[in-house]
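Engineer: Next one to model:
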Amino acid sequence: MKPFFCYFGGKYRVAAHYPPPSHATVVEPFAGAAGYATRWYTPKLVVKLYELDPIICSLWDYLIKVRPAEIRRLPLVVEHTDDLRCCMEAKVLIGFWLNKGTVGVHRVPSSRFKSGDRPNSHWGEVIRERIATQVALVKQWTIKQSSYEKIPNIRATWFIDPPYSVRGCVYPCSSVNIDYIKLGAWSRGRKGQVIVCENDGAKWLPFKHFRNFHPTVYGDGQSHQSVEVVWTNKERVTR
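Structural biologist: As a prediction, the model looks like this:
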């Protein structure tokens, strides 16, 4: 599947380079846009998403439950999301496509959106139809507002992508309250396949260099190098 929305630090593009799921269930404790589960989607894959941000939780709950016809009725012309006659979750969904790759939900189109550059990668008929087509595929997914410590330790593929401790972004549910040493011990204790993401310089697990990426940060329109590191309890990491 393609992304349902674009969120800062999302792993959809990078996910193709991580090991594929080796279990029938994928758990994402810091769900965000669920780039790993979306990228590695199969009809038989059980996906359990957990997230502290209530806005992200509500958006995923909406996407899991909404009917394709309702998505197709969403307006294509947007000057300000406050003016739209649709539910708040739909406004949030559209807002993430008005200014891609940011943390906050935008209410007006970004300058890049207005420029017409790559029109099919922002909110419009192509994106709306893509989402309408895909919502039927995630009906069995689940989303729960929860901190990572409270997630049951089931045997699964655990894709752990927390706010980075090194050069990370301040999210609405900020990383300042994360005890990364505790998170590292918790990650080591997960049953099954465990993949943990971070930025170069993180020390709370014995991370290894993974890949250098040049993701576009759509909020400022500039390209920034990201040196990604990874820890996995598997012996090999797909490169």
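Engineer: Could you report the separation of the residue nearest to the spatial centre of the chain from Asp200?
Structural biologist: The chain has Ala33 as the residue nearest its centroid, 2.2 Å off, counting by C-alpha atoms, centre = their mean. From Ala33 across to Asp200, the span is 22 Å (C-beta to C-beta, to the nearest Å). The way it works is simple: take the backbone N, C-alpha and C, and place the C-beta from them, glycine included.
Engineer: residues contacting the residue nearest to the centre of the chain?
Structural biologist: Pro3, Phe4, Phe5, Cys6, Tyr7, Gly10, Tyr12 (C-beta atoms under 8 Å, 6 or more residues apart in numbering).
Engineer: again, 6 Å this time
Structural biologist: Counting by C-beta atoms under 6 Å, 6 or more residues apart in numbering, Ala33 touches Pro3, Phe5, Tyr7, Gly10.
Engineer: Among these, name the ones in helices.
Structural biologist: Nothing among the contacts of Ala33 maps onto helices, per DSSP state H.
Engineer: now the residues you listed as JSON lines including neighbour count?
Structural biologist: Putting these into JSON lines (neighbours: other C-beta atoms under 10 Å) gives the following:
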{"residue": "Pro3", "neighbour count": "22"}
{"residue": "Phe5", "neighbour count": "23"}
{"residue": "Tyr7", "neighbour count": "24"}
{"residue": "Gly10", "neighbour count": "21"}
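Engineer: Turn these into TSV, columns for pLDDT and distance to Asn99.
Structural biologist: Formatted as TSV, the contacts of Ala33 follow (pLDDT from 0 to 100; distance: C-beta to C-beta, whole Å):
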residue	pLDDT	distance to Asn99
Pro3	95	15
Phe5	94	11
Tyr7	86	11
Gly10	82	14
